[in-house]
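Engineer: Sequence isn't available, so here's the structure alone:
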């Protein structure tokens, strides 16, 4: 049985290796000259650690890669042997060679769960991409829900599909976006996590392949791992310009995943916005492969730049009018407040019926009071008012953290996203995991890149949410700069115990 889940062609790998980022592998070796095989091995290693070549991707045969790179086969063979010795390549006779990450690669030691408010103290907690509740809209919504509660209090209170009034309100919002939708196409869930968990349980089984963006939302990746899914990462396009459609087509063809999970709108963690053409082409590729495409829309409403509002791309489900390929997931948690644990699924009616039937063995339904609160927000216009304030707050926070990073960490690289709640930063060649550990000692808590990848990719990154304002953002950048200095000055000693990491 082969151990690889996707493949990288010789021409594709040669192009990646020739790119500027791959050549930056020389940073790990300083300015000294290295043998050709060593430079090739370092380039492949860095591509794996940065997630641009997925873990468990089959590499081209030695002869093919040598021809594509115009080097000798001996050079490629020596590079592959070096990678095998360092744990970045595995091979089996008759199956070829595929990328890996060393078993000793230090992975993050903390989750993305927020610290309890009483435990924060002087710690700047950037672990959770969530903002405080917008007021007075939350209080008004809860008051409206209390007024609407009495008729429901006389029932059993279990609504596996969700309250009809909320299903209608959510269907109306899709219809207003140009996607005709009936309430029968909506199921209310306990947050987006509950939605994805229900979909995974319905569509996939233990050991089945699920294709995912690489990087992707850490909590969803862990949810699918816990469900026994075999994750197949697909790298985002170069310079985070949306999906790499040729790579997606290849993975859908070669790995034949039963399901794919993607974030099209202000992707978590990178902030990437997929273009309309990419959406159309990915739906077509998934339909041709027989893969169910689960699209997470939790960040859709968080467009932070005015120009983003003029002509946003249509929802992914707009390119699946028959409803046979795309299942959409939404939530109130990011656009409004994480404490309002209401999400939803939009899908074909038969899929919704199957999800609802299976819910009898899960949570039976979502809290009635919270559903009524969201209904009140949607029906009174409070949602639009609150989201408008949320966008302004996130925009100001984003601009503050960007300015602070540019002042205190000028060698960190990032693209400023036009929406969402997160910024994805390359840490100047340093280990993101070590920066996270050092930062926590200095009073700033950030999640490192490997949380958002598969099997240890993205060691040279951290995620920074737009959750703190001016003075706090400035102090967070100061502490991160001190953490980066600690890692840089201690890198030589640490590298002896962690061979293969970018230091």
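Structural biologist: Nice, I can see it. Please read these numbers as outputs of a predicted model, since none were measured by experiment.

Engineer: quick one, domains of this structure?
Structural biologist: 6-99, 117-131+393-497, 137-384 (automatic domain parsing).

Engineer: mind putting these in JSON lines, mean neighbour count included?
Structural biologist: Just so you know, the C-beta spots here come from the backbone N, C-alpha and C atoms, and that holds for glycine as well. JSON lines is the format used below for the domains of the chain (neighbours: other Cβ atoms under 10 Å):
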{"stretch": "domain 6-99", "mean neighbour count": "18"}
{"stretch": "domain 117-131+393-497", "mean neighbour count": "20"}
{"stretch": "domain 137-384", "mean neighbour count": "20"}
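
Engineer: for the protein, what's the longest helix?
Structural biologist: In terms of residue count, the longest helix belonging to the chain (DSSP state H) is helix 382-408.

Engineer: Does anything pack onto that one? Which helices or strands?
Structural biologist: Using 3 or more Cβ pairs under 8 Å, 6 or more residues apart in numbering; DSSP states H and E as the contact test, the elements touching helix 382-408 are helix 137-148, helix 368-380, strand 422-426, helix 470-489.

Engineer: can you tell me the average pLDDT over that helix?
Structural biologist: Here helix 382-408 scores 96 as its mean pLDDT.

Engineer: tell me the angle it makes with helix 470-489.
Structural biologist: For helix 382-408 against helix 470-489, the angle by axes from the mean of the first three to the mean of the last three Cα atoms, to 10 degrees is 40 degrees.

Engineer: Identify the residues contacting residue 297.
Structural biologist: 264, 265, 315, 328, 329, 330 (Cβ atoms under 8 Å, 6 or more residues apart in numbering).

Engineer: List phi and psi for the last one.
Structural biologist: Main-chain dihedrals, residue 330, degrees, to the nearest 10: phi -130, psi 170.

Engineer: how much space between it and residue 133?
Structural biologist: To residue 133, residue 330 is 19 Å away according to Cβ to Cβ, to the nearest Å.

Engineer: And the helices in the stretch 1-150 of the chain, which stretches?
Structural biologist: Ranges of helices in the stretch 1-150 of the chain, per DSSP state H, counting those that start in this stretch, are 10-18, 20-23, 36-49, 62-69, 73-86, 117-120, 137-148, 150-153.

Engineer: For residue 430, which of those helices is the nearest?
Structural biologist: helix 36-49 (11.9 Å; Cβ to Cβ).

Engineer: what distance separates that closest one from the centre of its chain?
Structural biologist: In terms of Cα atoms, centre = their mean, to the nearest Å, the centre of helix 36-49 is set 25 Å apart from its chain centre.

Engineer: Over to stretch 128-146?
Structural biologist: 26 Å.

Engineer: which residues touch that stretch?
Structural biologist: Contacts for stretch 128-146 (Cβ under 8 Å, 6+ apart): 112-114, 268, 333-334, 336-340, 369-370, 372-377, 380, 382-383, 385-386, 389-390, 393-394, 421-422, 463, 465-467.

Engineer: Quote the end-to-end distance of it.
Structural biologist: 30 Å (Cα to Cα, to the nearest Å).

Engineer: show me where pLDDT drops low in this structure?
Structural biologist: Applying pLDDT under 70 to the chain flags residues 1-5, 20-33, 103-121, 307-310, 491-503.

Engineer: Now do the contacts for the nearest residue to residue 74 once chain neighbours are set aside.
Structural biologist: Distances taken as Cβ to Cβ, 6 or more residues apart in numbering put residue 37 closest to residue 74, at 7.9 Å, once the chain neighbours are dropped. Contacts for residue 37 (Cβ under 8 Å, 6+ apart) come out as 74, 75, 76, 78, 79, 82.

Engineer: Show me the residue at the heart of this protein, geometrically.
Structural biologist: residue 216 (2.1 Å; Cα atoms, centre = their mean).

Engineer: ok, that residue - contacts?
Structural biologist: Neighbouring residues of residue 216 by Cβ under 8 Å, 6+ apart: 233, 261, 263, 268, 452, 453.

Engineer: Now, these that are in strands?
Structural biologist: 233, 261 (DSSP state E).

Engineer: Out of the contacts of residue 216, flag the one nearest to residue 94.
Structural biologist: For the contacts of residue 216, the nearest to residue 94 is residue 233 (24.5 Å; Cβ to Cβ).

Engineer: and the gap between the residue lying closest to the closest one once chain neighbours are set aside and residue 232?
Structural biologist: Distances taken as Cβ to Cβ, 6+ apart place residue 214 nearest to residue 233, at 3.4 Å, with adjacent residues excluded. Distance, residue 214 to residue 232, using Cβ to Cβ: 9 Å.

Engineer: Pull up the overlap in contacts between these two.
Structural biologist: With Cβ under 8 Å, 6+ apart as the test, residue 214 and residue 232 both reach residue 54.
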